[in-house]
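> how would this look folded up:
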Amino acid sequence: MRLSVLALCVFVAPCVVQATPAPVPAAIDLPLATLPMHLGQNNNHNEAQIVQAQYTDHVRFNRWISSFRRRALGQGISARTFDQAFRGIDYNSDVIERDRNQSEFVKPIWEYLDTAVSDSRIRNGRQALRQNRRLLDQIEARYGVDKEIVVAVWGLESAYGAVRGDTHIIEALATLAYDGRRGSFFESQLIAALKILQNGDTTPANMRGSWAGAMGHTQFIPTSYLAYAVDWTGDGRRDIWDDDPADALASTAAYLSRFGWVPNQPWGVEVQLPDGFDYTLANRSNRRMPSQWAQIGITGMDGRPVPDHGTASILLPAGSDGVAMMIFKNFSVIERYNTADAYVIGVGHLADRIGGADDFQSGWPRGDRGLRSAERIELQQLLTNAGFSTQGVDGKIGPNTINAIRRYQQANGLTPDGYASLRLLERLR
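Here you go, the predicted model:
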C-alpha cells in the first residue's frame, strides 16, 4: 500500500475486543495493492561508538549498515534494538530484482476489476464480514467508516489475511535503502520499522510483509503504522501481524477517519450521462451537488437524481465508452491509501458488492489495451511537441496529461474525455 504520512498522530481505541481470527478462504484471491502504511529514547554517546561489523557476506552492504547504524542511533534507536533487528539479515537480491523489474504494463481498469472484484473475492468478503461482524460493527461505531470499506481494503491488501507476505521487513528495507531506486524513502521506512521494534509492538522475526515493506492484514508501511495504527484489543501492542485482525482492521478505519471519511456518504455511484454531454465537465476540480448535475441530465442508473450526499465530480475511468461515475469526498479519502483510480474504484466497488449491490451496468471498452510505459512517455512527448504540454514527461497519466489530451481532442474535433488510449497515440504518431 502506498501511504504518504504528513504528521504523526496516534489514535488509541478504548475498546477491548477479541475477534474470531479469519480462516484462510477456500478460494484465495491474491492481494492487489502495490504500495503503496504506518518512538524510542535517546542513546548515550557510548552507544554511538561503532566499530566495523561483519553483518553479512556482502562487503559493501556491511559498510552501508555500519554507516546507517550511526544514523539510526542518532535518531533515537538503541544499539540493542538495532543489533537485534539486523542479526542474521543478508543482502536480498530478490527484493532488488522485483524493484527494478516491475511490469511495464498497466492493466486496463476492467481487467483490474475482474480480479479485484472477482466472484471469489466477493464471496470471501461476505464470509469475512459475517465472521467478524461484532468487531466490525464496533469499529464502524468508533470511527464512522463503513465496515464494508474496511473489509474491502482487507480483501485487496491481503486476501482477508490469507496472503500477508513473508519477507523479512528489516532485511528488505535495508536492501532497498542501500541499493534501491529510492534510497532515502526506504531509509526513512527502515528507521520507522526500528522504532516499531523498539516500542515492543512486535519482534524482528515476526515483522514480515511484502518485499517493499508493507505489513500486516492491511499492509501498512512503517511510517504510516507509527502515525495511525491503534491498539484496539488493549494488550499494549498495535499488532497488525497477528492472526487476530482486530488491531489491523481498527487501524485501517482510524486511518481513513483521520483523513476525513464522511459517514453515510458513498464513495461514488454509477451514473447515466445525457446525450450531448459536455465531456469537459468531467473534471475532478468541477464539483457540484448531485441535484445540480441532475439539472443537466445526469442521473443514477435508475433514472432518478442521485441524492445530495455532498458535492461530487464526474469521473470517466475508461473515457466516453466506459462506466461514468459520480464520485464524492470519500473517493479522495480512499486515495490516501493508494492514489491509483483503479485501486480506489476496486475498494469501493468491492465494498458495494460485499454489501449486496449489483455489478456496474455499463460496459467497458474491452477491445482496448493499456499503454506500456514507453508508450505513455511517447504519448506525453507527442502531445507536448504538438503544443499541448503535459507539464513533464514521466509516463504517469495524471491531471496534467489528461488536461493536455482534452485540449488536443477539442482542437481536433474528438470527444474531449481525456482518455489516454492506444488509438489516441496512433493518431498522434
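> those strands in the stretch 301-429 of the chain, which residues are they?
313-315, 324-327 (DSSP state E, counting those that start in this stretch).
> how about those in TSV, adding mean neighbour count?
No exception for glycine: its C-beta is placed from N, CA and C like everyone else's. What follows is these, written out as TSV (neighbours: other Cβ atoms under 10 Å):
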stretch	mean neighbour count
strand 313-315	20
strand 324-327	24
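> Let's have these in CSV, adding distance to residue 421 and mean pLDDT.
Shown next, in CSV, are the strands of the stretch 301-429 of the chain (distance: least, Cβ to Cβ, whole Å; pLDDT from 0 to 100):
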stretch, distance to residue 421, mean pLDDT
strand 313-315, 16, 98
strand 324-327, 16, 98
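> a markdown table for the ones you listed, including distance to residue 190?
Formatted as a markdown table, the strands of the stretch 301-429 of the chain follow (distance: least, Cβ to Cβ, whole Å):
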| stretch | distance to residue 190 |
| --- | --- |
| strand 313-315 | 36 |
| strand 324-327 | 36 |
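> and of those, who's closest to residue 360?
Residue 360 sits nearest to strand 324-327 of all the strands of the stretch 301-429 of the chain, at 8.9 Å, using Cβ to Cβ.
> what's in contact with that closest one?
Applying Cβ atoms under 8 Å, 6 or more residues apart in numbering, the contact partners of strand 324-327 are 267-273, 282, 290, 293, 298, 306, 312-317, 345, 362.
> switch the cut-off to 10 Å
Contact with strand 324-327 is made by 266-273, 277, 279, 282, 284, 287-288, 290, 293, 298-301, 306, 309, 312-318, 331, 334, 341, 344-345, 348-349, 360, 362, 417, as judged by Cβ atoms under 10 Å, 6 or more residues apart in numbering.
> Tell me which of the strands of the stretch 301-429 of the chain lies nearest to residue 391.
strand 313-315 (20.7 Å).
> and the closest one, what does it pack onto?
strand 268-272, strand 324-327, helix 329-335, helix 341-354 (3 or more Cβ pairs under 10 Å, 6 or more residues apart in numbering; DSSP states H and E).
> Which neighbours in the sheet does that strand have, and how are they oriented?
Its sheet considered, strand 313-315 pairs with strand 324-327 (antiparallel) by DSSP bridges.
> Report the backbone C-alpha coordinates of the strand it pairs with in CSV.
The C-alpha atoms that make up strand 324-327 are tabulated as CSV, following Å, rounded to 0.1, in the frame of the first residue of the first chain:
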residue,chain,number,x,y,z
ALA,A,324,-19.4,7.0,-15.8
MET,A,325,-19.2,7.7,-12.1
MET,A,326,-20.2,10.5,-9.7
ILE,A,327,-17.6,10.5,-7.0
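> residues in contact with the helix or strand containing residue 97?
Per DSSP states H and E, residue 97 falls inside helix 93-100. Helix 93-100 is touched from outside by 58, 92, 167-168, 171-176, 178-182, 186, 210-213, with contacts defined as Cβ under 10 Å, 6+ apart.
> Take the residues you listed and keep only those in helices.
171-176, 178-179, 186 (DSSP state H).
> Top of those by number of neighbours, please.
Neighbour tally across these (other Cβ atoms under 10 Å): the maximum, 32 neighbours, falls on residue 173.
> And that residue, how far from residue 207?
As judged by Cβ to Cβ, to the nearest Å, residue 173 and residue 207 stand 10 Å apart.
> Mutual contacts of these two, please.
Common neighbours of residue 173 and residue 207, counting by Cβ under 10 Å, 6+ apart, are 167, 193-194, 213, 222.
> among the residues you listed, who's most crowded?
Ranking the shared contacts of residue 173 and residue 207 using other Cβ under 10 Å puts residue 213 first, with 31 neighbours.
> Let me see the contact set for that residue.
Residues near residue 213 by Cβ under 10 Å, 6+ apart: 1, 35-37, 95, 165, 167, 169-170, 172-173, 176-177, 185-186, 189-190, 192-193, 207, 219-223.
> Then residue 348?
Applying Cβ under 10 Å, 6+ apart, the residues contacting residue 348 are 117, 146, 148-149, 152, 266-269, 325, 327-328, 330-331, 334.
> if you set the cut-off to 7 Å instead, what comes out?
Contacts for residue 348 (Cβ atoms under 7 Å, 6 or more residues apart in numbering) come out as 267-268, 334.
> Quick one: neighbours of residue 366, just the number.
Neighbour tally, residue 366, other Cβ under 10 Å: 13.
> Which residue, neighbours along the chain excluded, lies closest to it?
In space, and not counting its chain neighbours, residue 366 is closest to residue 110: 6.0 Å by Cβ to Cβ, 6 or more residues apart in numbering.
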